[in-house]
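K.L.:
got a sequence here, can you model it:
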Amino acid sequence: MLEAEENTVNGGGLLQSNSCGESSEEGLSVLPPHTKVVVTGNNRTKSVLVGLQGVVKKAVGLGGWHWLVLTNGIEVKLQRNALSVIEAPNGQEDDDDPEFENLQLE
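P.N.:
Below you'll find the model as predicted:
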């Protein structure tokens with residue numbers, strides 16, 4: 001059985017995993033919805049996406065895939081290691097946000 005992790009927001013605005021002792025954003029396998037990120041890229045990332053900002057809509061642990069809505073309205077699927085956190089979600093986000101209304105997830 002998997003051990004449940006407690007995630008907290010530290011003073012720097014990054015998520016911290018308490019159960020594994022990891023304190024950096026790279027230690028997380030998935031980011032929570034509404035996390036603001038910038039695309040840093042990996043070997044699968046198209047170069048035109050690098051540097052763009054977006055918001056996480058959904059994430060899955062297997063492969064670390066994250067569905068994002070970029071600030072230009074484009075919807076993309078990228079791996080966790082291609083993303084850097086700009087701002088953690090504050091818990092006040094509205095799930096009925098029109099920005100995510102038409103997102104089709106596979």
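K.L.:
which strand or helix spans Val37?
P.N.:
In the assignment (DSSP states H and E), Val37 maps to strand 36-39.
K.L.:
I'd like to know which elements that strand is packed against.
P.N.:
The contact analysis (3 or more C-beta pairs under 8 Å, 6 or more residues apart in numbering; DSSP states H and E) places strand 36-39 against strand 53-59, strand 65-70, strand 83-87. Backbone N, C-alpha and C define where each C-beta goes, glycine included.
K.L.:
quick one, which of those strands is nearest to Pro32?
P.N.:
If you check each of the helices and strands packed on strand 36-39 against Pro32 by C-beta to C-beta, strand 53-59 wins as the nearest, at 7.0 Å.
K.L.:
what's in contact with the closest one?
P.N.:
30-39, 65-71, 75-76, 80, 86, 99-100, 103, 105 (C-beta atoms under 8 Å, 6 or more residues apart in numbering).
K.L.:
which of the residues you listed count as buried?
P.N.:
Taking 16 or more other C-beta atoms under 10 Å as the criterion, what is buried in the contacts of strand 53-59 is 30-31, 33-37, 39, 66-70, 76, 80, 100.
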